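Colleague: here is my input; please provide its structure:
(2 chains)
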Protein chains: 2
Amino acid sequence: MKEGGRKPGALPPCAACKLIRRRCAPDCLFAPYFPADQPHKFASVHKVFGASNVNKMLQELPEEQRSDAVSSMVYEANARMRDPVYGCVGAISCLQQQVAVLQTQLALAQAELVHIRNSSSSTQPQSSSHHHNDTKSSSFFAIDNVTESLWSC
Amino acid sequence: MKEGGRKPGALPPCAACKLIRRRCAPDCLFAPYFPADQPHKFASVHKVFGASNVNKMLQELPEEQRSDAVSSMVYEANARMRDPVYGCVGAISCLQQQVAVLQTQLALAQAELVHIRNSSSSTQPQSSSHHHNDTKSSSFFAIDNVTESLWSC
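Modeller: From the prediction side, this is the model:
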């Protein structure tokens, strides 16, 4: 397990260069994102994407976006290691199910609200003064409009 | 742009072998999933994961899971091509936001239901016979229990 004939006292190579056994140059593209003390971070990214592809993808990005790109690649690679069939797409599918279930629950709750208001006004004509419910209704449904823009993200 | 010296009349190589310019053997691992008429499917997977990694990942899976694995890799690769910084993780983040917003909306709707029931029973003591609301309440909140198991997917 030689380490590229490193001189005594020289800085240790980054985790990426150490794994792929190449000299870690002072301007190494990997070094800022794959420090020597976090070898697993690069190991999973290398296994899934390959060092050469990671290098290419980072080179195509401006420096200020590389840290985020590395984080997302590490996340994606770890997901693929945990679930070799579906990877990240398994998480997306699960979240889409959660969204669908929550949308159903919300629709049911909204229907329940409408039903309670309708039944209380029809069975209790004496309580026709309770129009404050209508105000609440419009304030509640207004939430949909406020948050609708989030769905487009 | 030669095609590996293919004999006239021979079957065309699969999209993967054509792109990486190798002979497409009859037992080619890629051929069932990357047909010659869908070159873009392999192109994106190759650019993001690399043919060698895709080959290794498929070899490590039983045959019946390979089709799903290829679909998820194509999805993931296309997401990374569209969004080189966040890839699939961008979609996950967006869906997590949607889940959080829906959970807030649902909590508000549930609170509104409780509030309406409480205020109608406290301001209308004559309508104390309206205990059917309680039954509805428990049936509504029961939805949470039924669907709770989905959250663990």
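Colleague: for the rest of this, base every contact and every neighbour count on C-alpha atoms.
Modeller: Noted.
Colleague: any low-confidence regions in chain A?
Modeller: In the predicted model, chain A carries pLDDT under 70 at residues A:1-10, A:123-153.
Colleague: got the domain boundaries for it?
Modeller: Using automatic domain parsing, the domain ranges for chain A come out as A:15-82, A:86-121.
Colleague: can I get those in a markdown table with distance to chain B and mean neighbour count?
Modeller: As requested, these are arranged in a markdown table below (distance: least, CA to the nearest CA, whole Å; neighbours: other CA atoms under 10 Å in any protein chain shown):
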| stretch | distance to chain B | mean neighbour count |
| --- | --- | --- |
| domain A:15-82 | 4 | 18 |
| domain A:86-121 | 5 | 18 |
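Colleague: other SSEs contacting the top helix by length along chain A?
Modeller: As assigned by DSSP state H, the longest helix anywhere in chain A is helix A:87-123. Applying 3 or more CA pairs under 8 Å, 6 or more residues apart in numbering or on different chains; DSSP states H and E, we find helix A:87-123 packed against helix A:63-82, helix B:63-82, helix B:87-123, helix B:132-148.
Colleague: dump the ones you listed into CSV; add distance to residue A:33 as well.
Modeller: As requested, the helices and strands packed on helix A:87-123 are exported to CSV (distance: least, CA to CA, whole Å):
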stretch, distance to residue A:33
helix A:63-82, 7
helix B:63-82, 19
helix B:87-123, 18
helix B:132-148, 38
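Colleague: out of those helices, flag the one nearest residue B:21.
Modeller: Ranking these by their distance to residue B:21 (criterion: CA to CA) puts helix B:63-82 first, at 20.2 Å.
Colleague: can you list contacts of that closest one?
Modeller: With contact meaning CA atoms under 8 Å, 6 or more residues apart in numbering or on different chains, helix B:63-82 is reached by A:84-89, B:33, B:41-42, B:44-45, B:47-49, B:58, B:86-88.
Colleague: rerun at 6 Å
Modeller: The contact list for helix B:63-82, computed with CA atoms under 6 Å, 6 or more residues apart in numbering or on different chains, reads A:85, A:86, A:89, B:44, B:45, B:48, B:58, B:87, B:88.
Colleague: list the contacts of the fourth one.
Modeller: Okay, so that is residue B:44. Contacts of residue B:44 by CA under 6 Å, 6+ apart are residue B:77.
Colleague: equivalent analysis for the first one, please.
Modeller: With contact set as CA under 6 Å, 6+ apart, residue A:85 has these partners: residue B:69.
Colleague: before we move on, what SS does it have?
Modeller: coil (DSSP: H, G, I helix; E, B strand; the rest coil).
Colleague: ok, it to residue A:28 distance?
Modeller: Noted for residue A:85: a distance of 33 Å to residue A:28, by CA to CA, to the nearest Å.
Colleague: now do the fourth one
Modeller: From residue B:44 across to residue A:28, the span is 26 Å (CA to CA).
Colleague: with adjacent residues omitted, what lies nearest to residue A:35?
Modeller: residue A:14 (5.0 Å; CA to CA, 6 or more residues apart in numbering or on different chains).
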